[in-house]
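> Here is my input, please return the structure:
(one chain, ligands or ions: 2)
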Amino acid sequence: MFEVMYDYLIVGAGIYGSVFAYEAAKRGKTCLVIDKRNHIGGNMYTERVHGINVHKYGPHIFHTNDEKIWNYINKFTSFNQFVYNPVANYEDRLYNLPFNMHTFYQLWGIKDPNLVLDKINEQKGNAEVISNLEEQAISMVGSDIYEVLIKGYTEKQWGKKCNELPKSIIKRLPVRLTFNNNYFNDKFQGMPANGYTDIFINLLKGIEVRLATDYFGNRDYFNSLARKIVYTGPIDKFFDYKYGQLEYRSLEFETNVLNMNNYQGIYVMNYTSSKIPYTRVIEHKHFDNNGDEGITIVTKEHPKTGTINTEPYYPVNDEKNNKIFLQYRKESEMLHNVIMGGRLGEYKYYDMHQVIASALNMVSKELL
Ligand code: FAD
Ligand code: UDP
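Ligands and ions are numbered 1, 2, ... in the order given. Modelled structure (predicted):
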């Protein structure tokens, strides 16, 4: 038998696990954080290469409407003022995102917002019940924008037809009849001046962390070390897939260091045509204007089918998967020594601020 040494074993040094660990340690609890990767930060991890903060797991922009969450994250690093204005490339023509008067002008040459509205109404059809992403998208922006900026990108990203996907996915994006390219409607938005990893260094200061350590590599041993477990990996794996595998979308990141100052002039360019295999090209230096002279780093993001052996990045929150998830959640709620949290533990398409909110909510229940 091993000796119980910690109050909490925290599986995953992403934002859920790290916020939980910080708050627990602040209240005098002992924690051991483990992560199977060789770094802290989960998918928010940034790595400094040639002075450039490389977003290793895709472009991350912090945004929230909640002032408490904004103040919270600002305790751990300083943020630059930043407004995310990516552009979309469709067959070599560029369009502003999200869908706003710039986009409508670029596609239709219409300057008058009332005429844009007429055009959308003309194209949007008259579906009374909107049951999938395709219907939702066409009702929001009409069929032209759907064909040029949504269909190809979405079907690559998710590996399914738009009419097989939940409408919630496209409702993430704003539609505006103003000339405003801000990708988010939230009150607060920013980019950490020195990358995201500093947040985790500060959250985990003084807490024992073991990297390159897989919970499933020695589950009984890790279980025996602590009174409670906070688990932030995929929930279906925790239960050995007993109710079936949940679907996840995976990604492959193709990164190149280039000997030039500027490759594409913007941090993210989305490729919306189905003919291009990747969804977006990230040029990391433009997020915070850091980096050595004469070098830039560029990543192409290739969507991939999720399998037991690939990294799960996106939950696929359709009816079928949500139903399976509820069985797992019910089972996890019966385990009084286990807390499931985060994007994979709660199987929700959470952004960073929502994961922090979820972790703090758990802290308020668990650690009075
Ligand atoms: P994760 O960051 O996934 O952390 C979980 C950790 O658990 C991982 O480090 C993993 O290695 C570890 N783990 C899993 N299983 C085990 C095991 N068996 N043993 C040990 N360790 C284990 N959010 C935004 O707000 N804005 C954005 O712009 C944005 N862009 C994104 C772009 C991409 C491509 C992706 C994939 C996500 C994006 N997000 C964005 C979402 C954001 O990354 C997540 O909401 C957040 O990082 C999730 O934190 P987490 O702690 O729940 O999970
Ligand atoms: N989307 C699209 N075209 C784009 C950008 C996004 O059709 O150029 C759709 C696509 O379905 C995507 C969803 O909007 O999955 C949400 O986009 P977001 O940028 O929030 O995706 P994330 O950054 O989470 O991958």
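
> show me what contacts the nearest residue in space to residue 79 that is not next to it in sequence?
Residue nearest to residue 79 in three dimensions, not counting chain neighbours: residue 190, with 3.2 Å by C-beta to C-beta, 6 or more residues apart in numbering. Every C-beta, even on glycine, is put in place using the N, C-alpha and C of the backbone. Shown in contact with residue 190 (C-beta atoms under 8 Å, 6 or more residues apart in numbering): 62, 63, 79, 80, 81, 82.

> cutoff 7 Å now
62, 79, 80, 81, 82 (C-beta atoms under 7 Å, 6 or more residues apart in numbering).

> which parts of stretch 235-242 are buried?
235, 236, 237, 238 (16 or more other C-beta atoms under 10 Å).

> Pick out the most distant pair among the contacts of residue 190.
Within these, 62 and 81 form the most distant pair, 11.8 Å apart (C-beta to C-beta).

> Run through the bridge partners of the closest residue in space to residue 159 that isn't next to it in sequence.
In space, and not counting its chain neighbours, residue 159 is closest to residue 305: 5.7 Å by C-beta to C-beta, 6+ apart. Residue 305 has these beta-bridge partners by DSSP bridges: residue 249.

> just to revisit the earlier point, do the helix or strand containing the residue nearest to residue 79 and ligand 1 meet?
Following DSSP states H and E, one finds residue 190 within strand 188-192. No - if you take C-beta under 6 Å from any ligand atom as the test, strand 188-192 misses ligand 1, and the best it gets is 9.7 Å.

> As PDB, could you dump the C-alpha coordinates of that strand?
The C-alpha trace of strand 188-192 is given here as PDB (Å, rounded to 0.1, in the frame of the first residue of the first chain):
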ATOM      1  CA  PHE A 188     -12.700  42.300 -22.600                       C
ATOM      2  CA  GLN A 189     -10.100  40.900 -25.000                       C
ATOM      3  CA  GLY A 190      -6.300  40.700 -25.000                       C
ATOM      4  CA  MET A 191      -3.100  38.800 -25.800                       C
ATOM      5  CA  PRO A 192      -0.600  38.000 -23.100                       C
END
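
> same for the helix or strand that comes right after it, what does it pack against?
Moving toward the C-terminus from strand 188-192, the next helix or strand (DSSP H and E) is helix 197-203. With contacts defined as 3 or more C-beta pairs under 7 Å, 6 or more residues apart in numbering; DSSP states H and E, helix 197-203 has these neighbours: helix 15-26.

> In its sheet, which strands sit next to the next helix or strand after the helix it packs on, and in what direction?
Using DSSP H and E, the helix or strand that directly follows helix 15-26 along the chain is strand 31-34. Here strand 31-34 is paired, per DSSP bridges, with strand 6-11 (parallel), strand 208-210 (parallel).
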